[in-house]
Each structure stands twice: as C-alpha cells, then as structure tokens.
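Visitor: Fold the following and give me the result.
(2 chains)
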Amino acid sequence: MDLTRKSLTRRRFIGAAFIMTMTPGVIKAVAGTVQKDTAASALSQEWIAKLNVIASILVPGSEKTLPGNFIAGVVSSGWQELSVSQIGRSILLIEKWVGGPVETATKESLSSRLKALDEECFGAVPPQDSDDWIVLKSALITAFCSSQDGAGKLLHYAPVPAQWLPDIPAEKAQIFYNDWLAMWFS
Amino acid sequence: MKNSYDAIVVGSGISGGWAAKELTERGLTVLLLERGRMVEHRKDYTTEFKAPWEMPFRGFNNPKMLQQDYAIQRRGTNFDEWSMPNFVKDADHPYQTDAEAPFQWRRGYQLGGRSLTWGRQCYRWSDIDFGANQKDGYGIDWPVRYKDLKPWYDHVESFIGVNGTVEGLAQLPDGIFQPPMPLSAAEQLLADSIATHYQDRKLIPGRSANLTEAKPGRSPCQFRYICHRGCSFGAYFSTQSSTLPAAQKTGRLTVLTDTIVDRIEYDSKSKRASAVHCIDANTGKRRSFSAKLFFLNASSFNSVGILLRSVSESFPQGLANSSGTLGKYIMDHATTLSISAELNQLQDRSYFGNRPSNFIIPRFRNVGAKESSFLRGYSYQGVGFRANWKQAARGAGIGDELKQNLTNQGKWRLLMVAFAESLPVASNRVTLSDKTDKWGLRQFNIHLHHGENERKLLADAATEAKNMLGQLDSKILASFSEPEHGGSAVHEMGGARMGYDSNTSVVNKWNQTHDVPNLFITDGAAMSSSANQNPSLTYMAFTARAAAYAAQKVKNGEL
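Guide: Residues are numbered from 1 along each chain as shown, chains lettered A, B, ... in the order given. Sure, this is the predicted structure:
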C-alpha cells in the first residue's frame, strides 16, 4: 500500500488508518531479494498445491475452497498486493522454516513451524522478509473469507439483513462478513 | 422520433431527473438527453445481488486494470468491483488539471448519472449559508434566502423520502422526515459525551435519502449498504427509482441516451436559445433538437462546458457569458479524515444490519457572531462500527485459534470526516483546453486549489475531533488536517453562479440565465457558495422551483 500523502483519498485515509492500527509496524517498504521465478507470470501447479497446504494449516478447512487455485487466477492483477515472485519468496521462506517441502511435512511439524514464523513476523522486531508472509497470509485469509464456504458459512454472510438494530448484545451479533466493511476497510 | 419539444433537459442525474419530472407534470413535452448508456431500473443492476464469491476478484477488484482504466474513479467513495459500471472509465474521458494539485473528477455517465452512486446525505441550507457571501464579502450575495427555498425543500423531501430527526438547529433547518436510522451504541456514547461536555454542538443521526417507510413503487431500506450498485427495492432516491417513473407516467417524456450535447444554438433575432446540437456517443453521428425551453443539468462542469463551447457572434466567450464569470468560482468541499479512533468501551454491545447512513455533527463554528480565526465553518460526518474478520487477518495467529478469531468482533472504531466550506474565488475555474476528446470536443482545464481558510477550517476540525474523542476511553489512531485534492468530496459546484447582477453572475434567482431567458441552469453550476452541507438536496429544490417558474412562463406564452 502506498501511504504517501498524495496517494491518499478520503476513503483510502479511512482504510489506511484502520490498517495502521491493526498491524503496527506492518506497513513498511517491502524488502528482500527475489530468489526465483521473477519472470514468471503464473503460478505453477506445484506452487498452487503448496498454497493449499499452507492454507490448510493457516485456517483449517479453508483448503476445501482451494484458495491457492483462486489466487493463481488473480495473482497477475496484483490482487491483495500479491505477485508471483512474492509468493515464491513466501514459499521459500516457509519451507526454510519447515526444513523441507510443505507437502511432505507432517501436519504437526508444519503447524508448529508456521506458528513460529508467524509469531516472529508479527513480533517486536520482525525479520526483513516478514512482509512476504504477512501479505500471503492476509491474501489466503481473504481468499477464504470471501469464498462461499468462508463468507457464507463460517462468517454468516447475510446479503439482505432487512433491518437495522443499532444496539444489541455482542453475543447476538452473528454476521461477520458484509460487503460494506470488507470493501471500505480493505 | 420528433425533433421539437416544449423543453429539453440536458443530463439525467439528480437535478436533471427533477427537471424532467416537474416539467412533464406541469404539462410540457420533454426530451431528456443523457450522454451515457441506458440503465433500466432493476434490470440493469446486474451486480446487485452477486455475493463476493460470484465476483471475479471477490469484490476486491483488479488493481492492474484499475490503474490503467479507473485511476481517478477508483479512489472515490462508493467505487468498487460491483459498482464500477456506474463510473466512467477515466481513459475514455480525459481532462487537464494541475499536476501539483490534480482535481479528482468523479463521474458517472449513464442514465441516472451520479444519482445511482451518490452518498444520499440530505441537508437543508440555512440563512447562515445563503447570507455568508454578503456577510464576509467572498463571492456575491445570493438573491435567495431560506424562505424562498423552504417550500421546495418540503416538496422535494416529501417526494424522495429523507430519514432524520427534528433538532431545531438554526444552522441545519429541520425538514419533512421519515423515521431516522438510529445511532449505534458507540455513536450514542459519543453523542452523550458531547452533550455532557459541550453546549455549542450536537451529534445527531444523518439525514439520508433512504426510505425507512415505503412509498409507492418503492420499498423501505433493507440495510445492505450496497446502494451504489443500484437498488431493486427502490429504497434510495435515484432518477431511476423516483423522478423518471414520475415523468414517464405523464406520457410526455422522451428519453435519449448515448447522446452528448456539443453546444446550444442561440438565435440572435429572438434572443433565445433555439436548439441543441448533439453527437451520438457510439456512432459520432450528429443531430439537433429544438425547444422552447432548455434546462442544463449535465453536472456543474459539463453544463459550463456546453455553454463555453456554444460561442456565437452574440456570445463570443460562451453562451450566457456576458458577465465573463462563466467557469469561474468553482468549489468543492475541503475534506479529510479528522479522526479515526478505537474505543476501549462497549465491547459487550454490537448491532445488526448495515445502515446506509452515518452520524453528523452539524457546523458549530461561526454560527452566531464570528468567533474564530477563520471564516464560515465545517461539519463532521462519521460512523461507529466494530472491526471484522480483517483484524484477525492482520495480526499474529494461525490454525483453530485464528479461525475462531475470524468470528470475533474487534473493538469499536469511530471515524469522523470533516466537510469544510470552500470559499468562492475567481482563480478556481474551469476553462476549455486545446486538447480534444474522442468526439472532438475540447477537454476541460480544471483548476481548484483549497486556500488558507479551508486549511484553517480542517486544522480546527482535527483539533476539535481529538478533543471530543479524548472525552471517551479511546485511542486515537489517525488524524489529518490537510485537505484532500479538489473533487474528493464529489461536491463540485459553481461556474455559472447565481446573483442579482447580470454583470457579475450567470443566472438570476430563478436559475434563469440573465442573458438568455429560455435557458436555465439548475445543477451545481449555479451555486454561489458551497456551505458545508452536502448540496444535492439544494440542487433538487432549486430545480423544482425553477421548473415551476419556467413552465408557468411557457404556459403564459412568455417563453
């Protein structure tokens, strides 16, 4: 996200302000070296499969919505700030932490190593390449949360609420996905 | 299709729809010209009911395409993957502006214009606003006051349906309201705090043109907050939901889309406008239509542009421009996010539904005697909501814990956006460029810089917003005081201002051009000051009033 003053509009101000609070320290220049596949414009089947494995650990059950396949279809547009090279770097980073290909790692091992990586990336002093994981993590979650299973089932997307109840107990608020918040504060 | 009508209305947006409705209902045959495509109510809202997973980019759009085709529109409120067809493709509609302060011109060229995507906030102007130019000397005095507009505000609100609360504020006159859309718990908390700590200000529910009670052919709001896609319930005011059906019901309306008005012909013998010359947007073919009466409602700058292009021996600087002021004194509210804050309270409260409106803190500066280091004032519009699944996506956590967190509501957020009055100055203006568009029409040069007074207003707005939020258990996340570029408020106004004197203004108190009696300008171009309120309701009131006046003149044989 370009946070220079000139790039900001009222709507982006709001979104940017929101994001800045949610992830202090996350918004910074993307550093790191592109290690391979810089010229590639599409994800390989191997990488798509890896993304779906990573998604299964990140949000259990999300792999059924094939977020890797969805991302493969939109990555060339820069969707959610993704690029093929950035995904490549992310996979390399994850596999460095895991100590091998994600598809051959045990679920327990993959889960514990991904958790460790995640904690470090969101820690007080994140490593230089933490953005690669943070961007991929956000994109995988967004891909799942906007899917029929994610939005429609887990998050109870309600396309026609039909009423406005301005003040209800929090435990009775069960709609966790709506297009207004998703888009305006993306 | 015939070539002659009682009246021709150029533009089918918020004010053009009103002109068509009022003129046809008063017995005139009307040709309504729209430069963009046909959008049929309900049938053409093709994305309205699509879930995110049914959209190619799940609603998050294609950044690469946006940069190429929608570089300006994409930054606007209400632009998203669903509503994109209701905005122009910037690449097809170029204009010139200053590199250091580029004007952000947000447009929708289709039947209904921006009435499909507007913010729907409806606020009357008061005599504080209509008297402002006279009071401080910026601009020229309005030849109307609130009493002149009040019956027309009543007329418009009764028809379109505006929800709101009666407050008795001098600076924000009450209207004819449907039941309000109440404040959320966090908004009410802030409202109560303001009531406790301040005597000069008040937080109230926004007044929006979303129905809370049904009207004929229109259902109440379903609280989806996806209005900008088009609403098959007809629950918000748009040309399609409201004025167009009314005009069509008379049997006297002809609608012609994909038709760009190049210029208006002036007959020097009769001293009247006599015809519009048009271009078919798809084929480039030219044709003309004549009428007794012409209403310009093409949006502020496009109405001005038509007149600037309409040069003749009688009007070498543009039609109805004997004053030389045509194109000058353009305005747009200076706006920015004054505050974004997170509440550490009310975690046990939430809401259901998506309210398509906001709260407002009406102007409180310089309401009585001048009390500040700046002229005029500002208001805030804001919203309180609870953060959603994205707060989990942007923090640490994976696995079942993360999955659970996706369904946890985050803390309350309160946002307040300030809208500050823009002073009318001659240097802010629209002119014609030497460059042309794909129809061979000269592009616009748009120059609008916010000045020192606007900066002082927004600086004060930021300070006061922090003070007000500081009364709550909250954490301020962001606060800005510099105005966004002109156009960002999507409230562009002026360029054919209203005044008493034909030497200093373009239209008189009836929105009738001083120079050409059968030519009326009733969109934002006619505004002589900007106030701080959203202007569309006032455009509608002026349009209805002018149409009634003009129709009577036609019936009397005076036009």
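Visitor: Report pLDDT for residue 4.
Guide: Picked chain A for this. As predicted, residue A:4 sits at a pLDDT of 35.
Visitor: hm, I was asking about chain B
Guide: Reading off the model, residue B:4 has pLDDT 96.
Visitor: any chance you could map the helices in chain A?
Guide: A:10-22, A:45-58, A:67-74, A:84-98, A:107-121, A:130-145, A:179-184 (DSSP state H).
Visitor: Then the stretch 51-200 of chain B?
Guide: B:63-69, B:127-130, B:132-136, B:146-160, B:185-197 (DSSP state H, counting those that start in this stretch).
Visitor: and what of the stretch 351-500 of chain B?
Guide: Going by DSSP H, counting those that start in this stretch, the stretch 351-500 of chain B shows helices at B:389-393, B:399-406, B:452-470.
Visitor: Of the ones you listed, which stretch is the most buried?
Guide: helix B:389-393 (a mean of 24; mean count of other CB atoms under 10 Å in any protein chain shown). Glycine gets a C-beta too; all of them are placed from N, C-alpha and C.
Visitor: Can you check the pLDDT for the closest residue in space to residue A:138 that isn't next to it in sequence?
Guide: What sits nearest to residue A:138 in space, not counting adjacent residues and going by CB to CB, 6 or more residues apart in numbering or on different chains, is residue B:393, at 5.0 Å. With respect to pLDDT, residue B:393 scores 82.
Visitor: Confirm for me that residue B:393 is in contact with residue A:142.
Guide: Yes: the pair residue B:393 and residue A:142 qualifies as a contact (CB atoms under 8 Å) at a distance of 6.7 Å.
Visitor: ok, now which ones touch the residue most central in space within chain A?
Guide: For chain A, residue A:138 is the residue whose C-alpha lies nearest the centre (CA atoms, centre = their mean; 1.6 Å). Taking CB atoms under 8 Å, 6 or more residues apart in numbering or on different chains, we find residue A:138 in contact with A:80, B:393, B:394.
Visitor: Mind picking the one among those residues that's closest to residue B:378?
Guide: residue B:394 (31.7 Å; CB to CB).
Visitor: quick one on the thing from earlier: most neighbours per residue, which of the helices of chain A?
Guide: helix A:130-145 (a mean of 25).
Visitor: And residue B:256, how far from residue B:362?
Guide: Between residue B:256 and residue B:362 the distance, using CB to CB, to the nearest Å, works out to 41 Å.
Visitor: Quick check: which ranges of chain A have low pLDDT?
Guide: The model of chain A has pLDDT under 70 over residues A:1-41, A:186.
Visitor: neighbours around the residue nearest to residue B:155 when sequence neighbours are not counted, how many?
Guide: Spatial nearest neighbour of residue B:155, excluding adjacent residues (CB to CB, 6+ apart): residue B:544 at 5.6 Å. Residue B:544 has 24 neighbours, counted by other CB atoms under 10 Å in any protein chain shown.
Visitor: quick one: contacts for residue B:544?
Guide: Taking CB under 8 Å, 6+ apart, one finds B:18, B:22, B:152, B:155, B:156 in contact with residue B:544.
Visitor: Let me see the backbone angles for it.
Guide: phi -60, psi -40 (degrees, to the nearest 10).
Visitor: cool, and residue B:318?
Guide: Here residue B:318 shows phi and psi, under degrees, to the nearest 10, equal to phi 120, psi 150.
Visitor: That one: neighbouring residues, count only.
Guide: 23.
Visitor: likewise the one 5 residues further on?
Guide: The criterion is other CB under 10 Å. On that basis, residue B:323 has 20 neighbouring residues.
Visitor: and what of residue B:91?
Guide: 10.
Visitor: what's the distance between the residue nearest to it when sequence neighbours are not counted and chain A?
Guide: Spatially, and ignoring its direct neighbours in sequence, residue B:91 is nearest to residue B:69 (5.2 Å; CB to CB, 6+ apart). As for residue B:69, its distance to chain A is 12 Å (criterion: CB to the nearest CB, to the nearest Å).
Visitor: hang on, residue B:69 packs against residue B:90?
Guide: Yes: at 6.5 Å, residue B:69 counts as touching residue B:90 under the criterion of CB under 8 Å.
Visitor: hmm, back to that, check contacts around the residue nearest to residue A:138.
Guide: A:137, A:138, A:141, A:142, A:145, B:406.
Visitor: switch the cut-off to 7 Å
Guide: The neighbourhood of residue B:393, defined by CB atoms under 7 Å, 6 or more residues apart in numbering or on different chains, consists of A:138, A:141, A:142.
Visitor: what do you get for residue B:266?
Guide: B:273, B:274, B:310, B:312, B:314, B:315, B:319, B:516.
Visitor: Show me those residues that map onto helices.
Guide: Checking these against helices, none of them qualifies (DSSP H).
Visitor: Please convert the residues you listed to a markdown table, extending it with neighbour count.
Guide: What follows is the contacts of residue B:266, written out as a markdown table (neighbours: other CB atoms under 10 Å in any protein chain shown):
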| residue | neighbour count |
| --- | --- |
| B:273 | 27 |
| B:274 | 17 |
| B:310 | 23 |
| B:312 | 14 |
| B:314 | 13 |
| B:315 | 19 |
| B:319 | 27 |
| B:516 | 22 |
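Visitor: can you put the residues you listed in TSV and add distance to residue B:217?
Guide: As requested, the contacts of residue B:266 are arranged in TSV below (distance: CB to CB, whole Å):
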residue	distance to residue B:217
B:273	34
B:274	37
B:310	38
B:312	44
B:314	45
B:315	43
B:319	38
B:516	37
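Visitor: tell me the SS of residue B:295?
Guide: Following DSSP: H, G, I helix; E, B strand; the rest coil, the label given to residue B:295 is strand.
Visitor: what about it, distance to chain A?
Guide: For residue B:295, the distance to chain A - CB to the nearest CB - is 31 Å.
Visitor: what are the bridge partners for that residue, then?
Guide: residue B:9, residue B:520 (DSSP bridges).
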